[in-house]
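K.L.:
Sequence first, then the predicted structure:
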Amino acid sequence: MKQIGCKKCGHKLILGTAWITEIEPDSEPYESGVEEEIDTIDCDVCFCLHYCPKCKIIHDLWDDDRDHLIGNV
């Protein structure tokens, strides 16, 4: 298995994953004190990332389909 290193310091990166099943929007999205009735959004998405604990930098962020790279530092 190939070890991936930080582009800035060379430290070993951590592979992290997060599974999101629902998103609960803010009840005050536009103006403080003005609450709106907003339904919870159901979803099923897995995000993955490469993170350097030494530099505290996220190097890559992508969804469960590696072809959809969201961010790259």
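P.N.:
Structure's in. What do you need?

K.L.:
How many residues are close by His50?
P.N.:
Neighbour count of His50, defined by other Cβ atoms under 10 Å: 20. Heads up, the C-betas are built off the backbone N, CA and C, glycines and all.

K.L.:
whoops, I mixed them up, Cys6
P.N.:
So Cys6, with other Cβ under 10 Å, has 18 neighbours.

K.L.:
quick one, what contacts it?
P.N.:
Cys6 is in contact with Lys12, Leu13, Cys52, Lys54, Cys55, Ile57, His59, counting by Cβ atoms under 8 Å, 6 or more residues apart in numbering.

K.L.:
can we see that at 7 Å?
P.N.:
With contacts defined as Cβ atoms under 7 Å, 6 or more residues apart in numbering, Cys6 is in contact with Leu13, Cys52, Lys54, Cys55, His59.

K.L.:
And Pro53, by the same measure?
P.N.:
With Cβ under 7 Å, 6+ apart, Pro53 has these contacts: Ile14.

K.L.:
redo that, cut-off 8 Å
P.N.:
Listed by Cβ under 8 Å, 6+ apart, the contact set of Pro53 reads His11, Ile14.

K.L.:
Send me stretch 7-15 as PDB with only the CA atoms.
P.N.:
Presented in PDB, the C-alpha positions along stretch 7-15 are these (Å, rounded to 0.1, in the frame of the first residue of the first chain):
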ATOM      1  CA  LYS A   7       2.800  18.200   0.100                       C
ATOM      2  CA  LYS A   8       4.000  20.900   2.600                       C
ATOM      3  CA  CYS A   9       5.900  18.900   5.300                       C
ATOM      4  CA  GLY A  10       6.000  15.300   4.100                       C
ATOM      5  CA  HIS A  11       4.200  14.000   7.200                       C
ATOM      6  CA  LYS A  12       1.900  10.900   6.700                       C
ATOM      7  CA  LEU A  13      -1.700  11.900   5.800                       C
ATOM      8  CA  ILE A  14      -4.800  10.500   7.600                       C
ATOM      9  CA  LEU A  15      -7.600   9.200   5.400                       C
END
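
K.L.:
got the residue ranges for the helices in this protein?
P.N.:
For the chain, applying DSSP state H gives no helices.

K.L.:
which sections of the protein are below the confidence cut-off?
P.N.:
Applying pLDDT under 70 to the chain flags the ranges 1-3, 29, 65-73.
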